[in-house]
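Colleague: Just need the structure, nothing else, for what follows:
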Amino acid sequence: MTTSSKLARFSVLFGILFVPAVAGCDEGQTAQSPRILELPKNLREISGLTTADGYLFAIADEVGQVYRIDYDAARIKRWLTFGQPAVAGDFEGLALADKALYATTSEGVLYRSESIGAAQASDYQRFDTGVGKLCEVEGLTASPDEKHLWLLCKTPAAKRDHDTLFLYAWSVANQSRLPAADIRVGYADFPGADQDKKVRLYPSAVGVVDNTELWVLAARNKMLLKLTIDGTPLALQRLPDRKNQPQAEGFVALPGAVYIANEAGKKGKRGTLLEYQGRL
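Modeller: Residues are numbered from 1 along each chain as shown. I've put the predicted structure just below:
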């Protein structure tokens with residue numbers, strides 16, 4: 001039995017499966033084919049992704065249940081919950097900062113746990129960032145020095161700002177808003193943006209890459225926006241392998257690999273986790 005056959009057999013036993021990438025790519029996209037991990041039903045609405053200790057960690061929408069993912073072994077384990085029973089909420093992002101795990105809801109409410117190293121129900125702290133009054137939150141990431149978090153705005157409250165990317169900062173040390181580290185960039189400011197077209201952005205995930213850049217996925221726009229850590233726009237490109245990206249809702253970069261999580265989208269489908277070697 002080949003290595004791939006053994007892996008597929010093992011994966012099926014755990015309700016998950018590596019599947020081949022859809023052949024072909026659109027013009028302007030990378031021709032690189034990702035490995036695709038099909039997720040179990042309880043991660044059908046995966047909405048946040050981060051990494052620690054060589055593992056990926058994911059959270060699904062609606063409940064504060066965190067899963068630990070060993071990608072190469074195709075093994076997914078229920079890991080910790082925020083509270084017992086797990087708190088309910090519209091969870092949209094996950095990040096690790098200063099040895100603590102943070103999850104955010106779409107209302108900008110942060111949950112913090114220090115129990116990422118042990119699978120258990122977790123005590124937690126809860127912080128209302130106030131960002132929910134400004135926009136619907138759709139992602140979370142930590143700065144390279146882990147001194148603050150960025151909450152990614154999907155839908156600004158003001159319609160005039162719907163073509164603008166907002167990242168609102170939260171101090172890890174003081175557990176308070178840090179407006180000085182906020183980022184605001186208009187779509188038209190990105191190199192490659194269509195200056196003759198009014199575009200409404202729908203950001204869906206954010207992550208730090210190589211400690212020097214911020215990458216923002218916009219699922220409905222099928223876009224990848226790249227910025228420097230201080231918010232200078234660098235590039236605007238199509239989301240790679242769009243046929244394999246029905247609804248990109250999670251993103252994390254490791255040395256040598258990039259991972260993108262997709263919600264299932266259509267009824268009867270499963271969520272997926274894509275691994276790209278190198279950089280997009």
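Colleague: middle-most residue in this protein, spatially?
Modeller: Centroid-nearest residue in the chain, with Cα atoms, centre = their mean: residue 250, separated by 2.4 Å.
Colleague: quick one: which helix or strand includes that residue?
Modeller: Element membership for residue 250 (DSSP states H and E) is strand 248-254.
Colleague: Give me the sheet partners of that strand and which way each runs.
Modeller: strand 257-262 (antiparallel) (DSSP bridges).
Colleague: For the strand it pairs with, buried residues please.
Modeller: Across strand 257-262, burial judged by 16 or more other Cβ atoms under 10 Å covers 258, 259, 260, 261, 262. In this view, the C-beta of every residue, glycine as well, is placed from N, C-alpha and C.
Colleague: List just the nearest of those residues to residue 67.
Modeller: Nearest to residue 67 among those: residue 261, at 10.9 Å, using Cβ to Cβ.
Colleague: Who are the contact partners of the residue lying closest to the closest one once chain neighbours are set aside?
Modeller: Leaving aside its sequence neighbours, residue 261 sits nearest to residue 250 (Cβ to Cβ, 6 or more residues apart in numbering; 3.2 Å). Residues in contact with residue 250 (Cβ atoms under 8 Å, 6 or more residues apart in numbering) are 46, 47, 48, 49, 58, 94, 205, 259, 260, 261, 262, 273.
Colleague: pLDDT score for residue 250?
Modeller: For residue 250, the pLDDT comes out at 96.
Colleague: Now do the residue lying closest to residue 277 once chain neighbours are set aside, the pLDDT please.
Modeller: What sits nearest to residue 277 in space, not counting adjacent residues and going by Cβ to Cβ, 6+ apart, is residue 257, at 5.8 Å. With respect to pLDDT, residue 257 has a value of 95.
Colleague: Cool, thanks, talk later.
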